[in-house]
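Participant: build me a structure from this.
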Amino acid sequence: MSKAVSRGTSKLTSRLTDNSEITHLSRLDASMTNVKIKVRIIKLWKLPSYKVVNGTHAVEVILMDEEGSKIQATVNGTYLIKHEKFLVEKSCVFIQRFDIGDNMSTYRVTNPPHRLFLTFDSTVTKCNVEVGSLYGLTLADFDVLRNNGVPPDLVIDLIGSHNIFVTLWESYAEQLNTFMANKREDDTVVIILQFGKYTFSGGRAYVSSCFQGSNLFINDSIEEIISFKNSLLGNEGHQSVSTRRLVSSQLPCSLENDFLTHSVFSTIADVNKKEEVKSVVVTGTIISFMPGVD
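Facilitator: Residues are numbered from 1 along each chain as shown. Sure, this is the predicted structure:
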């Protein structure tokens, strides 16, 4: 009997010790070694190898802890044989013995000054406790963005881009175009761009998708989109169909119509005459591509 109690007490002490060793992401420092974190994998994407056909050069992940802090981590392709089975989006894991470096990349998709690098000595294990929210959204305030109230090049989460210019690149633009082409005319469309890069120029706020690191939600059945739709359309039990159609008709038109209707187009000759620094849309015909230029 006494031995059984002793073993039980030892296990409990061990669990308490493990929990006390957890370091929050906001407290990480480049001088730390053998640190243990408990996080959710919010986003994951692979960087292809340019030397091995269908190979993976590295895997990039965005991690979030229970405080809501986020950080980017890199797993070199050489170490995937050990870690890949634990790298699953939305899963929760413990990570220990990783390197901490400066977050200096031009394509960084998190704001902290540091990023993590997993090596073969790192350990990744499954965590059976939910860490933070499933999607890890931290929606930015419109007024703060429009008034240039945040540092330049900050990475933000944005919903319902009213009066803020949003640029979607590559697969994100294709995702939106596909959705818009198949939606019904009277559908209310709510968009969330997660991990978008913020800039402010010429008195206007701009947000763009970040390489492969952004997430684009279009009318997804998640709490933030449902709540935003309800704020636009009101409670269906207290609004008439005609009122809901009116609200829907006042929402932004399609990207194509908005671009063609509200953009001011310039010719190459016009651009050469402009003396002030400004953004322009140039129309022209591509005659040829110069060889050797990417």
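Participant: ok, Val189 touching Phe217?
Facilitator: No. Taking CB atoms under 8 Å as the definition, Val189 is not a contact partner of Phe217, at 11.1 Å. The way it works is simple: take the backbone N, C-alpha and C, and place the C-beta from them, glycine included.
Participant: now Leu176, what's its secondary structure?
Facilitator: helix (DSSP: H, G, I helix; E, B strand; the rest coil).
Participant: model confidence for it, exactly?
Facilitator: With respect to pLDDT, Leu176 scores 89.
Participant: show me what contacts the residue lying closest to it once chain neighbours are set aside?
Facilitator: Nearest residue to Leu176, sequence neighbours excluded (CB to CB, 6 or more residues apart in numbering): Leu168, at 5.8 Å. Counting by CB atoms under 8 Å, 6 or more residues apart in numbering, Leu168 touches 175-176, 193, 208-209, 216.
Participant: for Ser26, which non-adjacent residue is closest in space?
Facilitator: Nearest one to Ser26, counting by CB to CB, 6+ apart, is Ser69 at 4.6 Å.
Participant: look up how far Thr123 lies from that neighbour.
Facilitator: 21 Å (CB to CB, to the nearest Å).
Participant: now Leu176
Facilitator: Counting by CB to CB - Leu176 and Thr123 are separated by 39 Å.
Participant: over to Ile71?
Facilitator: Counting by CB to CB - Ile71 and Thr123 are separated by 17 Å.
Participant: more neighbours, the two?
Facilitator: Ranked by neighbour count (other CB atoms under 10 Å), Ile71 and Thr123 place Ile71 first, with 23 against 15.
Participant: the helix or strand harbouring that one - what's its average pLDDT?
Facilitator: Assigned by DSSP states H and E, Ile71 belongs to strand 70-76. Strand 70-76 shows a mean pLDDT of 94.
Participant: and stretch 81-98, by the same measure?
Facilitator: pLDDT averaged over stretch 81-98 gives 95.
Participant: please save the CA atoms from it in PDB.
Facilitator: Extracted C-alpha coordinates of stretch 81-98, given in PDB (Å, rounded to 0.1, in the frame of the first residue of the first chain):
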ATOM      1  CA  ILE A  81      12.300  12.400 -40.600                       C
ATOM      2  CA  LYS A  82      12.200  12.900 -36.900                       C
ATOM      3  CA  HIS A  83       9.600  15.700 -36.500                       C
ATOM      4  CA  GLU A  84       7.200  15.600 -39.400                       C
ATOM      5  CA  LYS A  85       4.700  13.200 -37.900                       C
ATOM      6  CA  PHE A  86       4.100  15.800 -35.100                       C
ATOM      7  CA  LEU A  87       3.700  18.800 -37.400                       C
ATOM      8  CA  VAL A  88       0.000  18.900 -38.100                       C
ATOM      9  CA  GLU A  89      -2.000  22.200 -38.400                       C
ATOM     10  CA  LYS A  90      -4.200  23.000 -35.400                       C
ATOM     11  CA  SER A  91      -2.600  20.300 -33.200                       C
ATOM     12  CA  CYS A  92      -1.100  21.100 -29.800                       C
ATOM     13  CA  VAL A  93       2.500  20.000 -29.000                       C
ATOM     14  CA  PHE A  94       5.400  20.400 -26.500                       C
ATOM     15  CA  ILE A  95       8.600  21.500 -28.100                       C
ATOM     16  CA  GLN A  96      12.000  21.500 -26.300                       C
ATOM     17  CA  ARG A  97      15.700  22.100 -27.100                       C
ATOM     18  CA  PHE A  98      15.400  24.400 -30.100                       C
END
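Participant: in it, what counts as buried?
Facilitator: 82-83, 86-87, 92-96, 98 (16 or more other CB atoms under 10 Å).
Participant: any chance of CSV for the residues you listed, columns distance to Ser26?
Facilitator: Below are the buried residues of stretch 81-98 laid out as CSV (distance: CB to CB, whole Å):
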residue, distance to Ser26
Lys82, 28
His83, 24
Phe86, 23
Leu87, 23
Cys92, 18
Val93, 18
Phe94, 18
Ile95, 16
Gln96, 18
Phe98, 16
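Participant: just those residues: which are in helices?
Facilitator: Residues of these located in helices (DSSP state H): 82-83.
Participant: in the stretch 1-150 of the chain, what residue spans correspond to strands?
Facilitator: 36-48, 56-64, 70-76, 92-96, 99-102, 114-118, 123-126 (DSSP state E, counting those that start in this stretch).
Participant: what helices or strands is the last one leaning on?
Facilitator: This points to strand 123-126. In terms of contacts (3 or more CB pairs under 8 Å, 6 or more residues apart in numbering; DSSP states H and E), strand 123-126 is packed against strand 92-96.
Participant: buried residues, stretch 116-129. List them.
Facilitator: Result for stretch 116-129 [16+ other CB under 10 Å]: buried residues 116, 118, 122, 124, 127.
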